[in-house]
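A.B. asks: Predicted model follows, preceded by the sequence.
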Amino acid sequence: MTEHDAPNDGTSGANGRPFAERVATRIFYPTSRPREKDLRAAVSGSVVLVTGASHGIGKAAAKKLAAAGATLLLVARSLEDLEQVAADIREAGGIAHVYRSDITEFDAVAELGEALLAEHGRVDVVINNAGRSIRRPLDESYDRFHDFTRTMDVNYLGPVRLLLTLLPGMRERRCGHIVNISTWGLRMPPAPRWAAYGASKGAFDIWLRTVATEIAADGVTTTSVYMPLVHTRMSAPTDFSGVPGLTAEEAADLICHAVVSRPREISPWWTGPVQAWSDLRRGAAQRFMERSYRRPSGE
C-alpha cells in the first residue's frame, strides 16, 4: 500500500473536528438523516447487501440498517473484521450474515450472488460501497498498469458481475433498489492525479445510469450517491487535514436517506452549477485544472 492508494474499508476519523471545519462541512456537505420510523418502514424485513462492509462507511451503514430491522448480508475480503461487525449487529438485536469475497475474482463473485439467492431467496437492496482509490501522478504510473486494471476490477467490473446475477430476480419480482456510492469528483472537471480512480468510478456510474433506464419499467430503482470527502482509512493516505469532510456515520446517514427516499441521485448542492459550468466551458475548466497542478520542486 503506498501513500496514494488505499481500499475503501477504512475506519472513521475526524470525530474531534475543529468547530470551523464542522460548520464548513454543514454548509458544503449537508446530510439527510431519515426519521427512525421511516427507515424502519422502508427496510424492516428486507434483505440488504452491503459490499465493503468490514470498515468505514459500509460498516456504519450496515449497523444503521440492521438496527432498523433489515437482514444484512455483509461482504468484504477481511473475514475477521466482518465477523466483528456481524457480532456487533447481533449483540444489538439485529440479523447479519457474513460472506468473505474478493470482488475482483469474477467467477467467485458470480457464485456469491447465486449463493445469496439460494440461501435468502432474494436481495431487496444492494449497497455498492466497496471500492479502491488511487491518487498518483502520471509520471509515477508508467510502469504501474496494474493501478488501472485493479481500480477497474474493484470499482467497475466486480460490481457489474455481481449485479448481473442479482438483477434478474429483482426484475422478476418487480422490486429492488441499488445504491451506488460514487464520488463527487465525477461532477467536477477531471482533476490531476486521479486518472485511474476517476475513470473506474465513471465507468460504473455510466453503466448503472444506463441500466436504470431499462429496469425502471420493472420497478427496480437506483440511487447514485456522489459522496463528498469522507474521513476514513481510504482517504487517510492523502493529507486532507483541515479539509471539510463527513464522518463515516454522516455518510451512512446519506445511504439510509437513499434507501428511504430512493432519489435518482444525491450530491452536494453546489456540484450541479459547477458541472453545468464545466460542461459549457470545458476548455476553461480544463485550463483551471491544468493551472492547479504543480509538480514537486526539483522535477
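C.D. replies: Cool, the structure landed.
A.B. asks: do you know how far the residue nearest to the spatial centre of the chain is from residue 139?
C.D. replies: The chain has residue 181 as the residue nearest its centroid, 2.5 Å off, counting by CA atoms, centre = their mean. In this view, residue 181 and residue 139 are 30 Å apart by CB to CB, to the nearest Å. Glycine gets a C-beta too; all of them are placed from N, C-alpha and C.
A.B. asks: Quick check, residue 45 in contact with residue 68.
C.D. replies: No: using CB atoms under 8 Å, residue 45 is not in contact with residue 68; the gap is 10.3 Å.
A.B. asks: With neighbour numbers in mind, choose between the two.
C.D. replies: Ranked by neighbour count (other CB atoms under 10 Å), residue 45 and residue 68 place residue 68 first, with 23 against 9.
A.B. asks: and stretch 141-156, which residues are buried?
C.D. replies: Under the neighbour-count criterion of 16 or more other CB atoms under 10 Å, stretch 141-156 has 141, 147-148, 150-156 buried.
A.B. asks: Pull the residues that contact the biggest helix by length in the chain.
C.D. replies: Using DSSP state H, we find that the single longest helix of the chain is helix 195-215. By CB atoms under 8 Å, 6 or more residues apart in numbering, the residues outside helix 195-215 that reach it are 128, 131-136, 138, 141, 147-148, 151-152, 154-156, 159-160, 163, 167, 170-171, 178, 180, 182-183, 185-186, 190-191, 221-222, 224, 264.
A.B. asks: Please produce a PyMOL select command covering the buried subset of the residues you listed.
C.D. replies: Remark: buried members of the contacts of helix 195-215, expressed as a PyMOL selection using 16+ other CB under 10 Å:
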select buried, resi 128+131+132+133+134+135+136+141+147+148+151+152+154+155+156+159+160+163+167+170+171+178+180+182+183+185+186+221+222+224
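A.B. asks: The contacts of helix 195-215 in helices, which ones?
C.D. replies: 147-148, 151-152, 159-160, 163, 167, 170-171.
A.B. asks: Make JSON lines from these and add distance to residue 40 and pLDDT to it.
C.D. replies: Shown next, in JSON lines, are these (distance: CB to CB, whole Å; pLDDT from 0 to 100):
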{"residue": "147", "distance to residue 40": "42", "pLDDT": "95"}
{"residue": "148", "distance to residue 40": "42", "pLDDT": "96"}
{"residue": "151", "distance to residue 40": "36", "pLDDT": "96"}
{"residue": "152", "distance to residue 40": "37", "pLDDT": "97"}
{"residue": "159", "distance to residue 40": "27", "pLDDT": "98"}
{"residue": "160", "distance to residue 40": "31", "pLDDT": "98"}
{"residue": "163", "distance to residue 40": "26", "pLDDT": "98"}
{"residue": "167", "distance to residue 40": "26", "pLDDT": "98"}
{"residue": "170", "distance to residue 40": "22", "pLDDT": "98"}
{"residue": "171", "distance to residue 40": "26", "pLDDT": "98"}
